[in-house]
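Q: can you look at this prediction? I've put the sequence above it.
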Amino acid sequence: MTDKTHIVDEITGHRRMRRNRKADWTRRLVQENRLTVDDLIWPIFLVPGTNISEPIPAMPGVNRMSVDVAVEAVKEAADLGIPAVATFPNIEMDLRDQTGSNILDANNLLNQATAAFKKHVPNIGVITDVALDPFTSHGHDGILRGNEIVNDETVDLVARAAVMQADAGSDIIAPSEMMDGRIGAIRRALDAAGHQNVGIMSYATKFASGCYGPYREAISTGGLLKGDKKSYYIDPANGTEAIRDAALDVEEGADMLMVKPGLPYLDICWRMKEAFGLPVFAYQVSGEYSMIKAAAANGWIDGERMMLETLLCFKRAGCDGILSYFSVEVAKILAKG
């Protein structure tokens, strides 16, 4: 009778990959990537008023919060060891206009939240966006003139807004509107205003994705949007263009780079890390979050397992951290060991 084990060993040259997988302790010893609480940034949604925590139907488990409620939530996040939060406002409709002018109000909802977090939770980082979509009446990320999102006028406005956000206490400005030249303009504006230590996390590669729908519900821009954002977001088909775009942001002074969305663009995460060596972050966007939640609610997948698996995938793809709506849920799991 043929010795099947002998035949297998001859074919593999005695190399058996399963030896390192045979037990939990060996798997832990050789694990290449790990997810820790230090990898997490928690995006949160803000609304005006007090004592408000309202569910977002398209994002099960995620609420819009008034600043006072958000302060308590951010305290919990800090206690769990989450390094930073990223804030997104859902402002009143009567404050929205063609140019998003409310972003230049020093006491707008976003700046109120930043100041409150830095006062009450000083040990957590605050990351703010200067895109205009929460502030415009048309839902675009920039100033709309006729049928065009005008680049240079938008850049001037977001650079001024970045200084005001830094004045309020923002630690990192994360511009997501994808206008050309914005990183250099924001860096110059911050430095001129004495904010040399405020960092810039560039949304270096933000794709024209179908994954943003629940986010637009969260900030009430879905019904406002006129047309689409393909004239300034990157075509999902174009990886080389994305790297070129990121290279310009690096040249202009970005401290960190972001890929948005996350899972469909793991190849871009890897290419950016290899190309530039800067800290790279992925944004696991609302559509990614909601798909996992919906499939889990229907019993089609193990929600917790998929949540952790997807976040670990970002680490394998070279990311230094992840913006995820799962952050608090994951931090609690990690705290249990």
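A: Arrived safely, thanks for sending. Residues are numbered from 1 along each chain as shown.

Q: CA atoms for contacts and neighbours, from now on please.
A: OK.

Q: now the helices for the stretch 151-300 of the chain?
A: Along the stretch 151-300 of the chain, counting by DSSP state H, counting those that start in this stretch, helices occupy 151-168, 182-192, 213-218, 239-252, 266-276, 286-297.

Q: and these: which comes nearest residue 54?
A: Evaluated with C-alpha to C-alpha, those place helix 213-218 nearest to residue 54, the distance being 10.2 Å.

Q: tell me what that closest one is packed against?
A: In terms of contacts (3 or more C-alpha pairs under 8 Å, 6 or more residues apart in numbering; DSSP states H and E), helix 213-218 is packed against helix 286-297.

Q: only alpha carbons, please: show the helix it packs on as CSV.
A: The C-alpha trace of helix 286-297 is given here as CSV (Å, rounded to 0.1, in the frame of the first residue of the first chain):
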residue,chain,number,x,y,z
SER,A,286,-21.4,54.6,6.1
GLY,A,287,-22.3,52.2,3.3
GLU,A,288,-19.7,49.7,4.4
TYR,A,289,-20.9,50.0,8.0
SER,A,290,-24.6,49.7,7.1
MET,A,291,-24.1,46.7,4.8
ILE,A,292,-22.5,44.7,7.6
LYS,A,293,-25.2,45.8,10.1
ALA,A,294,-28.0,44.9,7.7
ALA,A,295,-26.6,41.5,6.8
ALA,A,296,-26.0,40.7,10.4
ALA,A,297,-29.5,41.8,11.4
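
Q: identify all contacting residues around it.
A: For helix 286-297, contacts defined as C-alpha atoms under 8 Å, 6 or more residues apart in numbering pick out 58-60, 210-215, 263, 301-303, 306-307, 324-326.

Q: just the buried residues of those residues.
A: For the contacts of helix 286-297, a neighbour count by 16 or more other C-alpha atoms under 10 Å gives the buried set as 58-59, 211-215, 263, 303, 307, 324-326.

Q: ok, those residues vs residue 104, which is closest?
A: Residue 104 lies nearest to residue 215 out of the buried ones among the contacts of helix 286-297, by C-alpha to C-alpha, at 22.6 Å.

Q: separation between that closest one and residue 274?
A: Remark: distance between residue 215 and residue 274 (C-alpha to C-alpha, to the nearest Å) = 30 Å.

Q: for stretch 319-332, how far is the first residue from the last?
A: Stretch 319-332 end-to-end distance (C-alpha to C-alpha) = 21 Å.

Q: got JSON lines for the helices of the stretch 151-300 of the chain, with mean pLDDT and distance to residue 107 too?
A: Output for those, formatted as JSON lines (pLDDT from 0 to 100; distance: least, C-alpha to C-alpha, whole Å):
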{"stretch": "helix 151-168", "mean pLDDT": "98", "distance to residue 107": "9"}
{"stretch": "helix 182-192", "mean pLDDT": "98", "distance to residue 107": "19"}
{"stretch": "helix 213-218", "mean pLDDT": "94", "distance to residue 107": "21"}
{"stretch": "helix 239-252", "mean pLDDT": "98", "distance to residue 107": "29"}
{"stretch": "helix 266-276", "mean pLDDT": "97", "distance to residue 107": "36"}
{"stretch": "helix 286-297", "mean pLDDT": "98", "distance to residue 107": "27"}
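
Q: what's the closest of the ones you listed to residue 258?
A: helix 266-276 (8.2 Å).

Q: and that closest one with helix 239-252, angle?
A: Per axes from the mean of the first three to the mean of the last three C-alpha atoms, to 10 degrees, the angle that helix 266-276 makes with helix 239-252 is 40 degrees.

Q: next, the buried residues of helix 266-276.
A: Under the neighbour-count criterion of 16+ other C-alpha under 10 Å, helix 266-276 has 266, 268-273 buried.

Q: closest to residue 108 among these?
A: Nearest to residue 108 out of the buried residues of helix 266-276 is residue 269 (C-alpha to C-alpha; 33.4 Å).

Q: and that closest one, how far from residue 285?
A: 15 Å.

Q: swap in residue 277?
A: Distance of residue 277 to residue 285, given as C-alpha to C-alpha: 23 Å.

Q: the two: who's more crowded?
A: Between residue 277 and residue 285, counting by other C-alpha atoms under 10 Å, residue 285 is the more crowded of the two (21 against 12).
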